[in-house]
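Asks: The sequence isn't on hand, but the structure is:
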């Protein structure tokens, strides 16, 4: 098979390219910009484009499939050439389905927690030496790529993103996978640039449920009113099973699952993760693993990258990084850290970085989301707003939206860094949350510097 990627440098795209390369396919690609770590990883597999930019001359009739990334524009010259040659053009999710249409597909959807639940399932299956294909939206310990496709694995586990599939396919990605086993973790409005109303957004999950294969099943978080409404209105004949928060107890800043008379120590924490565990357990049970097998694996699970990841710590301070950016994720993450370490004060710093979070029409969704923090800080870069061609927002607007008169807002990275450096972190935890990187701040280095200063 000869496959060409238009916009190969993306996080998902380059992982799929590497996966196909490992499978023995002849892989080529192009892009107008490729950053690290994509560049080094593509180079390592000898599939880094020789030149940056688009070249329609490399699109030839012997190419079996074109895979089109979201980063490419609809008038991309390579895409135009591929259409002229009547080549088969796939979006990223379409190609994943094409590669796994004869396998049992498990798809994890939801506005929050889907990366973690997918990671928990992957970790458990690998722990018990089960063969499976997968696609997940973060780097997971023990997995060298975020995508794996093979000939012999009988099942495929996919994280189901609700964002659009490609520049020429406006369907949400998770509508294309047609799962046999599906899970929805919750529904909270996101992607305002694509779904301008909450009802528009909610409808996508109704469509997802309708795409579940005949005789398939759906697991869903049963305490989410929006999700319950969607499930109740679904008239498909699949089996639908709700789940809640797994029984647990906390002791000495550590969380233990309770299973009858046993306590299973965890390396992760937070009520949202205990919900995630309940969902992941149901999926693993459905795949043939019993409770004991699941618990033996989940006790070793350390979490996905950038999901309550410990950057640095000492005996009385821990500095976390988290991917939280939407209101529901932000609130769950802040609450989790405060609840787990109730003897320490919490400093929570959040970057407004996504299209939705920087949109003045969406800001009010953040009301009360950082209320549990002892000190709440929000950072945003006005240049990012300009780049996204959004209407400018003010520090005052942000404070009003979060409904916290004590909220501190920064718009300059140097001012933020200087402020944090002068904070007393004794008996405090610091939580830094963003889908970006605070305008290029090396968070691990910064965290190490802060801990070193705190130790003096």
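Replies: The structure has been received and is ready for your questions. What you see is a predicted model; the values in this text were computed from it and never measured. Numbers count the residues shown, from 1 in each chain.

Asks: Show me what the lengthiest helix in the chain is packed against.
Replies: Ranked by residue count, the top helix of the chain under DSSP state H comes out as helix 271-286. Contacts defined by 3 or more Cβ pairs under 8 Å, 6 or more residues apart in numbering; DSSP states H and E place helix 271-286 against strand 104-109, helix 114-127, strand 181-184, strand 217-221, strand 239-243, strand 254-259, helix 291-298, helix 327-340. Every residue, glycine included, has its C-beta placed from N, CA and C.

Asks: Skip ahead from the third one and say which helix or strand is next.
Replies: Downstream of strand 181-184, the first helix or strand assigned by DSSP states H and E is helix 198-210.

Asks: What of the fourth one?
Replies: Counting by DSSP H and E, the element after strand 217-221 in chain order, helix or strand, is helix 225-233.

Asks: What of the second one?
Replies: Following the chain from helix 114-127 toward its C-terminal end, the next helix or strand by DSSP H and E is strand 133-135.

Asks: So what are the sheet partners of that following strand and their directions?
Replies: strand 147-148 (antiparallel), strand 155-159 (parallel) (DSSP bridges).

Asks: can you list the residues that contact the helix or strand that the last one is followed by?
Replies: Taking DSSP H and E as the definition, the helix or strand that follows strand 155-159 towards the C-terminus is strand 164-166. Surrounding strand 164-166, the residues in contact under the criterion Cβ atoms under 8 Å, 6 or more residues apart in numbering are 68-70, 72, 91-94, 170-173, 176, 194.

Asks: Please apply the same query to stretch 446-456.
Replies: 311-314, 317, 319, 321, 417, 420-421, 425-426, 430, 432.

Asks: Derive a PyMOL selection command for the buried subset of those residues.
Replies: In PyMOL syntax, the buried subset of those is picked out as below (16 or more other Cβ atoms under 10 Å):
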select buried, resi 311+312+317+319+321+417+420+425+430+432
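
Asks: Pipe the contacts of stretch 446-456 into CSV and attach pLDDT and secondary structure per row.
Replies: Compiled in CSV, these are given as follows (pLDDT from 0 to 100; DSSP: H, G, I helix; E, B strand; the rest coil):
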residue, pLDDT, secondary structure
311, 95, strand
312, 96, strand
313, 95, strand
314, 95, coil
317, 96, coil
319, 97, strand
321, 95, strand
417, 97, helix
420, 97, helix
421, 96, helix
425, 95, coil
426, 94, coil
430, 97, strand
432, 97, strand
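
Asks: Show the average pLDDT along stretch 32-42.
Replies: Throughout stretch 32-42, pLDDT has a mean value of 93.

Asks: same deal with stretch 375-395?
Replies: The average pLDDT within stretch 375-395 is 95.

Asks: Likewise for stretch 201-219?
Replies: Rounded mean pLDDT across stretch 201-219 is 96.

Asks: Give me the distance from it to the chain's centre.
Replies: Centroid separation for stretch 201-219 versus its chain: 20 Å, with Cα atoms, centre = their mean, to the nearest Å.

Asks: first vs last residue of it, how far apart are they?
Replies: From its first residue to its last, stretch 201-219 covers 20 Å (Cα to Cα, to the nearest Å).

Asks: in that stretch, what's buried?
Replies: Quick answer for stretch 201-219 (16+ other Cβ under 10 Å): 201-202, 204-205, 208-209, 211-212, 216-219.
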